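Novice: sequence first, then the predicted structure:
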Amino acid sequence: MTQFTGKDLLCVRGGRVVFTGLDFSVGPGGALVLIGPNGSGKSSLLRLMAGLLKPYAGIVAWDGEGIAEDPEAHGGRMHYVGHHDAVKPALSVHENVSFWAGLHGHVGTVDGALETLAISHLSDVPGRFLSAGQKRRVNLARVLAAPSPLWLLDEPTTALDKATITTLERQIAEHRAGGGIVVLSTHGEIPLEGAGVLELAHFQAGSGEIAA
C-alpha cells in the first residue's frame, strides 16, 4: 500500500529553524490538515512535500523512496497549489489550464474542469483580467483537469465564495474516495472526514537558530 511519509524533518529558512523533528504519514484515501499560526511552517512543509524545497535534515518519501531520488516522477504524481496563482496573464483561462493539464497528459479533460468550477464562461478571457477568486478557481481547475494521486493545497479556499468552497470539498471527497491523498493548510474550517491534523507549532525549536 502506497504511503506518503516524512521522517524527522528539519526545515531551515534564512538561517532560522522553522520546524524540527516532524514526522507524517498519509495513505491512499487519506488527508492531512496542517494548522498553526503564521510563520509556523505550513507553507514550507507543503513545499518540502512538493520537492520545491529540500529539508535540512530528514526525508520525504513516496512508497519508501525519497522524492529527491526521482524528482520528475514525483512531479508527475502530484499537484501543488501555493499562495501565488500560477496564471499566465497573456494566456486565456482555457490555455492556462490546458498548459498544466498537458504536463500530465490530460488535455482532453480541461472543459470538464472549467465547468465543475463554474468558469466555463471565462474560457477565452486572458489571465490578466481575472479577479483573485477567479484566478484561484483556474488554479484549482488544473488540479481537476489532470488527475494525480497527491494534492498539496496551501490555503485553497482563499478568495473563494461559499459555493466554490462546497464544490472543492466535494472534489476532495471524490479524490479521496478514489484512493487519492490530500494535504492542505488552512486557517478556516474544511470538513475532511477522518483527516489527520498536524499542528506545526508543536515542532518549533527552542533556540530557533542554526549556526553558520
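Specialist: Nice, I can see it. Residues are numbered from 1 along each chain as shown.

Novice: quick one: the strands in the chain, in order.
Specialist: Secondary structure of the chain (DSSP state E): strands at 4-13, 16-26, 31-35, 57-62, 65-66, 78-81, 150-154, 181-185, 196-199.

Novice: out of the ones you listed, which gets nearest to Ala141?
Specialist: strand 78-81 (10.4 Å; C-beta to C-beta). Quick note: C-beta positions are derived from backbone N, CA and C, even for glycine.

Novice: send the alpha carbons of the worst-scoring helix or strand of the chain on mean pLDDT over as PDB?
Specialist: Least confident helix or strand of the chain, by mean pLDDT, DSSP states H and E, is helix 93-103 with a mean of 92. Output in PDB follows, covering the C-alpha atoms of helix 93-103 (Å, rounded to 0.1, in the frame of the first residue of the first chain):
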ATOM      1  CA  VAL A  93      -8.300  30.600 -18.900                       C
ATOM      2  CA  HIS A  94      -8.500  27.600 -21.200                       C
ATOM      3  CA  GLU A  95      -4.900  28.000 -22.300                       C
ATOM      4  CA  ASN A  96      -3.700  28.200 -18.800                       C
ATOM      5  CA  VAL A  97      -5.400  25.100 -17.600                       C
ATOM      6  CA  SER A  98      -4.500  23.300 -20.900                       C
ATOM      7  CA  PHE A  99      -0.900  24.100 -20.300                       C
ATOM      8  CA  TRP A 100      -0.800  22.500 -16.800                       C
ATOM      9  CA  ALA A 101      -3.000  19.600 -17.900                       C
ATOM     10  CA  GLY A 102      -0.700  18.900 -20.800                       C
ATOM     11  CA  LEU A 103       2.200  18.400 -18.500                       C
END
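
Novice: that helix packs against which elements?
Specialist: Helices and strands touching helix 93-103, by 3 or more C-beta pairs under 8 Å, 6 or more residues apart in numbering; DSSP states H and E, are helix 110-116, helix 132-145.

Novice: for the last one, give me every contacting residue.
Specialist: Around helix 132-145, the neighbours that count as contacts under C-beta atoms under 8 Å, 6 or more residues apart in numbering are 79, 81, 85-87, 93, 96-98, 100-101, 106, 109-110, 112-114, 116-119, 122, 127, 130, 151, 153, 156, 158-161, 164, 168, 171.
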